[in-house]
Every structure is written in structure tokens, then in C-alpha cells.
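# With the sequence up front, the predicted model follows.
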Amino acid sequence: MIAMKYLAKSSGITLKQHVDNVISEGQKIIKSFPFVMGKYHLVTGRDLEKRLYSACKFHDEGKKHRIWQTACQKDYQLFLNWQKINGGTFKDFEKAVKNTGKFLMQANIRHEIDSVIRHQENLPLPVLIAIGAHHAKLSKYHQEKWTKNKNIGKNGGLIWEKFETLNNDYISNPAFRFREVLKKHYEIAGIRGFLQLADHRASISENDAFIPEYVSFEYEFKHSSKRPVQQIAEENYQDDLLLLRAPTGAGKTDAALLWAKHQIDNCRADRLIIAMPTRFTSNALAINVTDTLSDTGLYHSSAWFQKFHEQAKESKDSRHIAKMQHEFARRLQTPVTVCTIDHLLMCLTLSREDHHAIAFNLAHSCLVIDEADFYDDFTQANILVLLEALNEWKVPVMIMSASLPQSCLKMYQATGFHVTEIKEDRSDIERPRCEIMSIQNYETVNDLSQLLMRCVKEPAIIYANTVAKAIEFYDWFIKHTEIVPMLYHSRFTEPDKLEKEEMILKNLGHKAWGNKIAKGVAILTQIGEMSINISADLMISDVCPIDRLVQRAGRLCRFNKEKIGELHVFIPQKKGDIYPAPYGSFDKRKWQINPALEKTIGLLQLKTYSAKEFVDLINIVYEKIEEFSLRAKDNAKLLKETFANNWVILPKAISELDNTETIFWKSRDIDNNMSVLVEFPENPYFRNYIDWQAYKNEKAVDLPIYLIQQGIKLFQIDNNKKIVLKEDVQNICVTRAGVYTKEKGLFFSKLPPDDNLLFDF
């Protein structure tokens with residue numbers, strides 16, 4: 001041995017120093033989250049503080065193994081030799097020299113496995129699992145590292161068998177009970193997630209790099225008086241599941257924040273999660289609430305660009321800070337996190353190591369679900385699984401919407417929550433909101449020319465059900481008028497999406513109407529139905545299920561209660577038949593209309609509607625929540641089974657960072673997506689995944705695989721391009737010239753026949 005002291009890293013930091021740092025970070029966690037410590041003891045009867053201390057103290061004991069320590073000492077000596085000649089720090093050494101840590105990489109020993117072996121007799125099983133998992137190697141993919149490593153010996157295999165037997169307890173049990181595995185997972189996930197957090201933060205601080213501080217929830221209600229919906233939220237905060245119905249524009253966002261404040265002040269939770277149906281709505285909400293909250297994290301697949309990308313471009317240090325803040329939001333570690341429902345559903349698959357920490361943090365939150373699509377049984381079935389988990393973990397939940405049907409009570413009661421009524425803001429439900437002036441069929445946008453010409457003279461919002469139809473509306477205005485509409489759909493790059501959002505808000509938002517300068521035509525798809533705070537007196541909309549139509553109509557005369565909005569509803573046709581995309585299923589080359597859409601079409605009338613009348617209509621359309629399809633039920637069952645399959649040991653196939661499906665399960669019933677670049681990089685070599693992801697965020701659009709295949713057939717997508725990620729060559733898809741434009745987004749000049757199958761999220 002070159003040095004007498006055990007090393008923890010090839011930088012020269014000693015094992016004692018590192019362990020002390022990890023213990024210190026563990027103590028910060030304990031002090032920062034007293035609610036978590038209390039709830040853990042209440043639920044499990046165990047002391048999380050004591051268990052975490054043990055995990056931190058012994059997590060790296062395996063680094064004392066002769067083979068590991070010898071390799072580390074050799075790597076350290078390489079650094080010292082380089083430093084004598086060049087000076088500088090270990091960071092400089094890593095930049096200057098390739099293959100730093102080569103002896104450790106060749107040592108063929110996992111120190112965390114040996115740590116478990118050394119303390120298998122004196123540490124509780126949950127602590128051993130946390131230690132074994134703290135580098136994400138407790139997975140079926142890495143099974144041989146446990147069972148067939150000569151440097152570890154047979155003890156590794158015996159411990160693997162012990163973990164595997166525990167993991168399979170609920171899989172092999174014919175009377176599988178989801179709630180039991182939820183409870184057992186909670187006990188293990190706490191130590192597992194917190195040990196990783198403490199170890200990761202200690203390692204970063206040892207490199208003198210930024211780590212985010214733990215921040216408590218703080219919310220300031222800035223208005224002089226509380227509106228009825230806000231009073232209802234406060235008065236009913238003790239409900240484990242609060243169903244809150246209120247018209248659009250009633251003040252539901254502040255109602256949710258007041259509700260959350262009561263949850264946290266009364267020790268029912270220690271953080272807030274707001275789950276939105278789409279990325280667009282989560283972006284909009286995060287922007288709206290930031291000035292009244294202590295710290296708001298935004299997480300979804302494009303949140304990096306939305307919140308952190310520009311900061312990350314300033315310097316390497318800035319990029320690290322942005323990455324840490326983004327990761328905090330991903331793990332639900334921020335006092336408020338705005339995310340999509342898919343992010344929460346995905347963590348229940350436990351198909352990544354960080355899903356365990358996300359699920360544990362979710363268990364200490366209060367959750368607001370903003371809107372729920374009742375026409376979509378596939379997503380609803382998944383949400384019921386999530387609610388069952390939240391009920392077991394005793395997480396307070398509020399579901400707020402303008403369109404909750406009375407029939408949803410029975411559905412939510414089945415998840416274990418005791419809920420007997422929908423609380424409703426009735427203070428302004430009789431006021432006429434809008435008048436449906438026309439309902440008619442149409443095949444092409446040109447059929448609506450006379451009405452569209454009115455949009456030239458006054459601000460208007462147009463909702464199209466598909467991207468293809470939205471672009472058809474856009475082309476009509478370009479061809480027949482002098483105005484350029486504000487087109488917004490899912491097939492824009494993130495920079496262009498942000499620019500579109502800002503333009504729409506600037507021209508049709510609250511300030512524009514307040515300053516009497518509102519103008520223009522916004523053409524939106526489903527992503528513009530909720531949370532976007534814009535208004536117009538005139539709206540044209542493709543027909544959609546009534547709960548979605550109510551959301552769209554909520555943008556009419558939003559900032560002026562004296563006006564009644566004008567709504568025109570049009571029913572898309574193709575060859576004389578209703579074309580219901582995306583509200584239906586496409587089977588055997590024929591569309592089957594969604595029952596909720598079919599009932600909506602049959603019930604809509606040319607008349608003035610108040611919020612109450614809209615709710616009455618919703619209750620008729622959803623008088624009885626249709627039994628979920630076999631496909632939806634099987635998929636939801638798979639989510640439960642996946643949780644039970646992975647609750648201790650990760651699966652062999654690890655999901656990617658932003659996946660919303662596993663090999664077998666999906667969060668939504670839509671085709672798998674792939675990124676298509678709209679511009680090939682000048683330098684196709686990327687040093688790491690973060691750089692590649694940053695480029696994709698700026699220069700790519702996600703498309704369903706079937707649509708990409710259509711684009712390839714039309715010679716509008718090139719699938720023969722290659723980039724190099726580190727040392728791996730990867731095939732990518734790139735649009736050809738003119739297929740993507742800043743004005744229209746990604747579109748095919750000749751549309752594939754089933755382009756409109758795409759759900760536009």
C-alpha cells in the first residue's frame with residue numbers, strides 16, 4: 001500500500017472523510033424533513049433517523065476490500081504523479097487525462113456489494129437493501145455482479161437470493177395485494193432514497209460544486225379577499241380526497257395553494273405537487289405561481305429548456321447549477337413541483353433507481369390534480385392506480401375541475417378514499433357564459449370561409465382537434481387574408497413553443513385586454529385547452545367531448561363578466577362520415593367514435609349556456625362512467641404488477657429518463673414517440689448525454705413512430721443520418737428541407753392518410 005489510510009476515491013479523499021461527509025448530509029436531511037421522520041415512524045414503527053445514520057456510516061465499507069483499495073491507491077498515485085509535473089486539481093487531471101480511474105474500472109469488484117456482505121448480520125434488511133442499491137446496481141441487469149464475481153465469493157449470491165426472495169413475495173402470491181407491497185416498499189424506499197441523496201450531495205460538495213438547499217413551503221396570498229372557491233378549499237382541507245368543481249376563471253389556482261398551505265401547516269404533508277394533464281399547462285401554471293411561492297420546481301420532458309437551458313449555456317458551473325435544480329424538481333424535492341400526471345404514474349413502475357426516491361417523496365406530499373379527462377378511460381384507469389397508492393400512503397389529494405361529473409364519485413370511492421360529495425363553487429354558476437351560435441358539419445376549412453372572415457376584424461380563438469386541421473386553418477388565413485395567425489401545436493421545437501406561448505399571451509392575455517390592445521387569431525390544438533390565461537369574444541371549435549368543450553369555452557370573455565361569448569361548433573367530416581380523431585379508436589382502418597363525443601354531439605343545442613347548464617350537460621354525458629375497456633384495465637393491472645415486480649430489485653430493462661412507458665405498460669394509449677431533428681448539427685459529436693439532450697431540446701420534435709415511418713416513405717424524413725454520443729454511433733432521423741418551419745412547425749407537404757391519429761399532447 002502506498003498510503004496507510006483507506007481511500008474513498010482516486011482523488012485522494014479518505015474513506016473516513018467521505019463517510020463523515022455523507023453522515024453530515026444525512027443529518028441535514030433529518031433536520032430538514034421532520035415531517036418525513038415523524039410519518040415514517042408512525043407508518044412503520046421504525047426510526048428512520050437511526051436507520052439512515054447506519055446506512056450512511058456503513059455504505060462504503062466495501063471500499064476496504066483489498067482489491068478495491070489497491071486499485072484506488074494506484075489511481076490516486078497516477079494523479080499525484082501528474083500533479084507533480086502539471087500542478088492543478090483533480091478536476092484538472094480529469095480534464096487532461098483520459099481513462100482516469102482505470103485501475104478501479106479493471107478491478108472487477110463492486111464495493112457496495114461487499115459493504116452488504118460485511119454487515120449482513122448486524123444491519124436491518126431495509127438498510128442492507130439501501131446500501132446495495134446506492135449506485136443503482138441492485139438490478140437484474142447487474143445480477144452477475146452479485147452472483148458470479150470471484151472477488152466477492154458465494155456470499156454475494158446468497159444475499160442476492162435473499163433480496164430476490166423478498167422481491168418475489170408478492171409476484172408468487174396468487175392473492176396479490178397491491179396495498180401490502182406499497183406499505184413494504186415505503187419502509188425500504190425512505191432509506192434507499194435518502195442514502196443516495198446524502199452520498200450524491202457529499203460527493204458534489206467534495207468537488208466544491210453547487211448543491212441546492214432544502215427549502216420549506218411558503219405561500220403568500222396576495223389578494224385582499226378570498227373568492228368562494230378559495231374559501232371552500234380552506235374549509236375542507238381535512239378531506240383526504242377533496243373533489244372541487246368550479247367554473248373556469250373562478251380562482252382555482254390560488255384555491256389549490258391555500259389548500260396546500262393548510263395541509264402543510266397542519267402536518268398532513270410537507271410539500272405540494274401540482275399534476276397537470278399536459279406539458280403546456282404545467283409550463284403556464286409554473287410561470288403563474290412563481291411569484292407567490294417559496295420555490296417552484298418544474299418537471300416534464302421539456303422543462304429543461306423551459307426553465308434552465310439559457311442558464312446552462314452561460315458556463316460549465318451554470319450548467320451544473322441548472323442540472324442540480326432540475327434534478328431536485330424531478331425527484332419532487334422542491335417545496336412545490338409542477339409536473340405532468342405521466343411523471344407520477346411512471347415512478348410507480350420503479351423501472352429506474354430514482355423512481356424509488358420519487359415515490360417516497362410523493363408519499364410526503366399533498367397532490368393537486370388539475371383536470372381529468374373522463375372520455376379517456378385508459379388514462380383514468382392509470383390515475384385510479386395512482387390514487388389507490390396515494391390512499392395507502394395517506395397523501396391528501398385535491399382534484400379540481402370545471403367539469404367533474406357526479407358519477408365520478410363511485411369511481412374515486414373504489415380507490416379507498418372516503419368521499420361522499422363534490423364540493424362546488426355555486427356563486428357564479430347561473431350567469432350566461434357563452435352562446436352556441438351554430439353547429440354544423442364541414443369537410444374542409446374552406447367550408448367555413450364566411451365565419452373565418454369575421455376573425456379578421458376581431459380577436460378570435462380557433463380550436464382544431466388535430467395538428468393537420470390546425471395547419472389547414474393557418475393556410476386558409478395566409479391565402480385569403482392579410483393577417484398571420486398565431487399557430488400553436490405539439491410539433492414545434494421547444495424554443496419555438498416558448499416564442500409561440502409568449503406571443504399568444506401578449507396578444508390575447510389579461511394585460512392585452514386590460515390595455516385594450518387585444519388582437520389576432522390563435523389557432524390551438526388540445527394543448528391550449530387549460531391553464532393558458534387568454535380570452536376572446538369569438539371562438540370556433542371542432543367538436544369534442546363536453547368536458548373538453550367546457551375547458552375551451554372557458555377562454556371566452558374570460559376577463560369580462562358583462563359579456564357573453566360567441567361559440568361556433570363544427571363537426572369534422574370525411575367522405576360524409578364523422579371524423580372523430582383523436583376522440584375515438586382506429587381499428588381495422590375505420591374510426592370508432594368515443595361514446596362521450598357521440599353523446600355530446602347529440603345533446604348540444606343552439607342556446608346560451610351558463611356554468612350550471614354545462615355541468616348538467618356533463619352529468620348527462622357521463623351519467624354513468626362507462627366500464628373501462630379491457631385494454632385500459634389490463635394496462636392498469638400491469639402498473640400494479642410492475643410495481644410489485646420491481647419493489648426491491650430493478651428490472652433488466654431500465655427506462656430512459658423521460659419515458660412514459662415501459663416495455664409492457666403505457667401512461668397513455670398513444671403510439672411510442674421518437675425525436676426527429678429539424679436541423680442536423682454542424683458537429684455531430686457529443687461529449688455526453690446532457691449535451692445531446694440539450695441539442696434535442698432545441699432542435700427536435702417528438703413524433704409517433706408510425707408517423708415517422710410515413711415521413712420516410714414520403715422522402716420528407718431522412719433516417720440515415722448518424723451522430724456520435726461519446727464513442728457510440730447512433731442512427732437518428734432528420735427532416736428534409738422545408739418539412740419544418742418556424743411558422744407551421746413540423747408538417748408533411750403531402751399528409752399521410754392517418755396523420756390525425758396523433759394525440760396532440
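Great, that's in hand. Just so we're clear, the structure is a prediction, and the values are computed from it rather than from any experiment.
# Around residue 249, how many other residues sit close by?
Applying other Cβ atoms under 10 Å, we find 19 residues neighbouring residue 249. For every residue, glycine as well, the C-beta is placed using N, CA and C.
# residues contacting it?
Listed by Cβ atoms under 8 Å, 6 or more residues apart in numbering, the contact partners of residue 249 are 554, 558.
# Roughly how far does it sit from residue 516?
19 Å (Cβ to Cβ, to the nearest Å).
# so where's this protein shaky on pLDDT?
Scanning the chain for pLDDT under 70 picks out the ranges 1-4, 174-175, 278-315, 531, 672, 690, 750-761.
# so what are the domain limits for it?
15-206, 228-424, 432-621, 670-757 (automatic domain parsing).
# Residue 6 is nearest to which of the ones you listed?
Nearest to residue 6, of all these, is domain 15-206, at 4.0 Å by Cβ to Cβ.
# How far off centre is that closest one?
27 Å (Cα atoms, centre = their mean, to the nearest Å).
# what does stretch 735-743 give?
The answer for stretch 735-743 is 28 Å, by Cα atoms, centre = their mean.
# In it, which residues are buried?
Buried residues in stretch 735-743, counted by 16 or more other Cβ atoms under 10 Å: 735, 739-740.
# and what of stretch 55-75?
Buried residues in stretch 55-75, counting neighbours by 16+ other Cβ under 10 Å, are found at 55-63, 65, 68-69, 71-75.
# Let's see which of the residues you listed end up in helices.
Taking DSSP state H as the definition of helices, those contribute 55-58, 68-69, 71-75.
# about what we covered before: check the domains of the chain for me and report the most buried one.
domain 228-424 (a mean of 21; mean count of other Cβ atoms under 10 Å).
# Quote the end-to-end distance of it.
From its first residue to its last, domain 228-424 covers 9 Å (Cα to Cα, to the nearest Å).
# same deal with stretch 457-464?
By Cα to Cα, the extent of stretch 457-464 from end to end equals 20 Å.
# before we move on, what about stretch 532-546?
19 Å.
# circling back to that earlier point, return the closest of the buried residues of stretch 735-743 with respect to residue 167.
Nearest member of the buried residues of stretch 735-743 to residue 167, counting by Cβ to Cβ, is residue 735, at 44.3 Å.
# That closest one against residue 680, yeah?
No - applying Cβ atoms under 8 Å, one finds residue 735 not in contact with residue 680, separated by 9.4 Å.
# now the helices: where do they sit in the stretch 51-200 of the chain?
In the stretch 51-200 of the chain, helices defined by DSSP state H, counting those that start in this stretch lie at 66-86, 90-96, 102-106, 111-118, 125-133, 143-147, 154-167, 178-206, listed in chain order.
# Reformat those as CSV; add distance to residue 499.
Formatted as CSV, these follow (distance: least, Cβ to Cβ, whole Å):
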stretch, distance to residue 499
helix 66-86, 46
helix 90-96, 36
helix 102-106, 45
helix 111-118, 46
helix 125-133, 43
helix 143-147, 48
helix 154-167, 48
helix 178-206, 34
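# quick one: which of those helices is nearest residue 749?
helix 90-96 (47.0 Å).
# Quick one: list the elements packing against that closest one.
With contacts taken as 3 or more Cβ pairs under 8 Å, 6 or more residues apart in numbering; DSSP states H and E, helix 90-96 sits against helix 66-86.
# I'd like to know which elements the helix it packs on is packed against.
Contacts defined by 3+ Cβ pairs under 8 Å, 6+ apart place helix 66-86 against helix 90-96, helix 102-106.
# Let's have those in TSV, adding distance to residue 397.
Compiled in TSV, the helices and strands packed on helix 66-86 are given as follows (distance: least, Cβ to Cβ, whole Å):
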stretch	distance to residue 397
helix 90-96	45
helix 102-106	46
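# Mind checking these for the one nearest to residue 124?
With Cβ to Cβ as the measure, helix 102-106 is the member of the helices and strands packed on helix 66-86 nearest residue 124 (29.4 Å).
# Please list the residues outside that closest one that contact it.
The contact list for helix 102-106 (Cβ under 8 Å, 6+ apart) reads 10, 68, 70-72, 74-75, 78, 99.
# next one: stretch 109-124
51, 54, 58-65, 67-68, 128, 131-135, 137, 142, 145-146, 149, 151-153, 155-156, 159.
# hey, where'd the helices end up in the stretch 501-650 of the chain?
Applying DSSP H, counting those that start in this stretch to the stretch 501-650 of the chain gives helices spanning 510-514, 546-553, 595-603, 611-621, 630-646.
# Rebuild those as TSV, extending it with distance to residue 524.
Converted to TSV, those look like this (distance: least, Cβ to Cβ, whole Å):
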stretch	distance to residue 524
helix 510-514	16
helix 546-553	9
helix 595-603	18
helix 611-621	20
helix 630-646	27
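# Can you say which of those is nearest to residue 719?
Comparing those by their distance to residue 719 (Cβ to Cβ), the top pick is helix 630-646, with 29.4 Å.
# contacts for the closest one?
167, 170-171, 176, 178, 181-182, 185, 345, 348-351, 377-378, 380-382, 384-385, 389, 628, 651, 662, 664-666, 669.
# before we move on, what about stretch 594-609?
So stretch 594-609 is contacted by 374-375, 432-439, 543-547, 549, 553, 564, 569, 571, 578, 580, 583-585, 617, 620-622, 626 (Cβ under 8 Å, 6+ apart).
# dump the residue contacts of residue 580.
Going by Cβ under 8 Å, 6+ apart, residue 580 touches 572, 591, 593-594, 597.
# quick one, what contacts residue 686?
Contacts of residue 686 (Cβ under 8 Å, 6+ apart): 692, 695, 723-726.
# Looking at these, spot the one nearest residue 490.
For the contacts of residue 686, the residue nearest residue 490 by Cβ to Cβ is residue 695; the value is 19.5 Å.
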